[in-house]
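*Asks:* have a look at this prediction, sequence included:
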Amino acid sequence: MWLLQRVIPNDLLIWLAHPLQNANNFTYCAIGLATVLGGGIFSTLIRYVLVKRELAQKRKEKLSKCQNALKQLESDVLGTLSSSEREKIIKLDLSQLIIKLQAEEITPSQVLSAYQSKAIEVNKQLNCLVEPITEASEQAKAVEQLPEKGPLYGVPISLKDNYSLKGYDCTLGCARFVNLPYSKDAVIVQVLKKQGAIPFVKTNVPQTMISWETTNPMFGMTRNPYDTTRGVGGSSGGETALIAGGGSILGFGSDVGGSIRIPANMCGVYGLKPTDMRISNKGMAPILKGQTCVCSSYGPLGKDVDSLVIAMKAMCVPEMSLLDPTIPYKPFNMEVFESKRKLKIGFYLQDGFFHAVPAMERAVLEAKQILESRGHEVMEWNYPNIGLKGMLTFVISLSGDGGEELFELVHGDAVDSSLKNTIRLLSIPKFVRKFLGFVLNFIEFKESVTNDWIDKGLDAVICPGFACPALPLNTALLATGSVSYTSLYNVLNYPTGSLPVTKVISEDNEKMKNYPVKDLWHRAVKKFMRGSEGLPVNVQVAALPWQEELVLRIMKEIQTDLKK
Ligand SMILES: CCCCCCCCCCCCCCCCCC(=O)NCCO
């Protein structure tokens, strides 16, 4: 009161108090209610502004911490290797590198230096890194002292930002996760380290990872090494940009709707999404925690099929099941991978939901021809409305909470424009979700697709790696639905690989004049294919659950004949 009297002139106070002198109980209640409501709104606003400011500060601090760590690393590795020594290491493929490391022709520290300096160089152009793992150099020296060499002895590996490492944040591009370092390595990371691998960088992701444009308000946009005006896909886009740019020889990503395979397609990299539960997710940064219909799978990315095989062999070991008893011990089956049994393989060029561009169709036809020339039977596989049914199942599964968790993750944070649309699309009201769920029986859909494969005797299916190659920066949201090509295999939980088969040529784009513009998504894709010549085009290979070795075998056969 004393303060009010000092600040507000006396006459004004009397005038303000006047209605109160004659007020009845109702008026008191109304004034009280208005005060409580007004106060509530005011304090919520203040809290919102403070949270926003705090999160903006966190983003700034985290970015500058990461940039300083990269600068420090750059000066630490400067001069450790001559550029010709570095290039000799970088040009080795993973199998050759492992042979040289095991034979002690090169040391883990030398290999690490080569990749550290190359990654920094690539990052300057593509902005694909989050931060370096500063303990990597010590770890490289430590493995050199070990009496036994693991299968990944001295191999530097890059990890998507959601792979938890002791002492490091997993920000997922969200400021609320800054300064929350993990106290333990995820099980995958523990196993990889045990096998001799050296995690050396964490790579960029889209904000929340539920998007296929690798950009976020903290670390910014990752660019495509084939054309820096185009994106890299996502969400493991930092990984594929780094690998394609030569800054990593083996990377690890995650995939709930295509996040390993979409960026693999955009950057011409090899990737494998294993069956859920083949590889542990224990200790990983959780996302969409409550939902169990479509789960994140964790898998490798590399420059050839052999890299994926090496990674899977190294991970499918008893150690994985000991550290995470929910994972069945299922060692990598070389017999299946090396088998010469003739296969029956289905193929499709269109999923009936999103129209794939001609370059994607041609890639499937080229892969088909290779497989036929090897004596496999390749037949068209057309499951009615697979694209639409798969997409609806995917969207309804992800939006089980009406987008609540996604809202919460970005509340008060700057929201990336590429994500706004997705959140809106996933905020489907409960009654619509219930209706769609009623129309489409998920379990029946999954069972029916699997039965169809079994009835037709299919061993595997090949199809477009995505609906289109890399799009210009900031445009992924204009073609959101093209995710139907990859998300189908998350819904089905089939292991699926992606491999580069060809590049866009002018004849493909000439055929774009007949590309059906069914809606705004297709209009955008049609427009953005202009100037896409030279971009990589991948094909997907899918098989029934737990058949990772079969997927890799087919990928290897296609890769081998493409190189001839
Ligand atoms: C008639 C059907 C309407 C369809 C609406 C389409 C809305 C789609 C919105 C969902 C887009 C999600 C993109 C996901 C990209 C990949 C995410 C991923 O795999 N993340 C990895 C997490 O570990």
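*Replies:* Looks like it arrived, so ask away.

*Asks:* flag every residue of the stretch 301-450 of the chain that's near the ligand.
*Replies:* Proximity of the stretch 301-450 of the chain to the ligand (Cβ under 6 Å from any ligand atom) is limited to residues 391-392, 395, 422, 425-426. In short, each C-beta sits where N, CA and C put it, glycine included.

*Asks:* ok, and the most crowded of the residues you listed?
*Replies:* T422 (24 neighbours; other Cβ atoms under 10 Å).

*Asks:* quick check: residues of this structure near the ligand?
*Replies:* So the chain meets the ligand at 209-212, 235, 254-259, 287, 296, 391-392, 395, 422, 425-426, 480-481, 483 (Cβ under 6 Å from any ligand atom).

*Asks:* can you tell me which helices and strands the helix ranked longest in the chain packs against?
*Replies:* Under DSSP state H, the helix in the chain containing the largest number of residues is helix 25-77. Under the contact definition 3 or more Cβ pairs under 8 Å, 6 or more residues apart in numbering; DSSP states H and E, helix 25-77 sits against helix 10-21, helix 108-126, strand 129-132.

*Asks:* what helices or strands is the longest one leaning on?
*Replies:* Using 3+ Cβ pairs under 8 Å, 6+ apart as the contact criterion, the neighbours of helix 108-126 among helices and strands are helix 25-77, helix 83-90, helix 94-102, strand 129-132, helix 136-145, strand 156-160, strand 198-203, helix 237-244.

*Asks:* so T240 sits against Y226, correct?
*Replies:* No - applying Cβ atoms under 8 Å, one finds T240 not in contact with Y226, separated by 11.0 Å.

*Asks:* just flag the most distant two among the residues of the stretch 301-450 of the chain next to the ligand.
*Replies:* L392 and T422 (15.8 Å; Cβ to Cβ).

*Asks:* where does pLDDT dip in the chain?
*Replies:* Residues of the chain meeting the criterion pLDDT under 70: 1-23, 290-291, 438-439.

*Asks:* and the residue of it nearest the ligand?
*Replies:* Taking Cβ to the nearest ligand atom as the measure, the chain has S259 as its residue closest to the ligand, at 3.0 Å.

*Asks:* tell me the secondary structure for the residue nearest to that residue when sequence neighbours are not counted?
*Replies:* Closest residue in space to S259, ignoring its immediate chain neighbours: S235 at 4.0 Å, by Cβ to Cβ, 6 or more residues apart in numbering. Three-state call for S235 (DSSP: H, G, I helix; E, B strand; the rest coil): coil.

*Asks:* could you give me the PyMOL syntax to select whichever of the residues of the chain next to the ligand are buried?
*Replies:* PyMOL command restricting those to the buried ones, with burial defined by 16 or more other Cβ atoms under 10 Å:
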select buried, resi 209+210+211+212+235+254+255+256+257+258+259+287+296+391+392+395+422+426+480+481+483
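
*Asks:* the residues of the chain next to the ligand in helices, which ones?
*Replies:* Using DSSP H, the residues of the chain next to the ligand in helices are 391-392, 395, 422, 425-426.

*Asks:* could those go into CSV alongside distance to I99?
*Replies:* Shown next, in CSV, are those (distance: Cβ to Cβ, whole Å):
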residue, distance to I99
M391, 44
L392, 48
V395, 46
T422, 44
L425, 48
L426, 47
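
*Asks:* T240 and Y226: who's more crowded?
*Replies:* Taking neighbours as other Cβ under 10 Å, T240 and Y226 compare with T240 leading, 37 against 21.

*Asks:* quickly find the element holding V432.
*Replies:* helix 430-439 (DSSP states H and E).

*Asks:* show residues contacting that helix.
*Replies:* 392, 396, 399-400, 402, 428 (Cβ atoms under 8 Å, 6 or more residues apart in numbering).

*Asks:* tell me which residues in it are buried?
*Replies:* R433.
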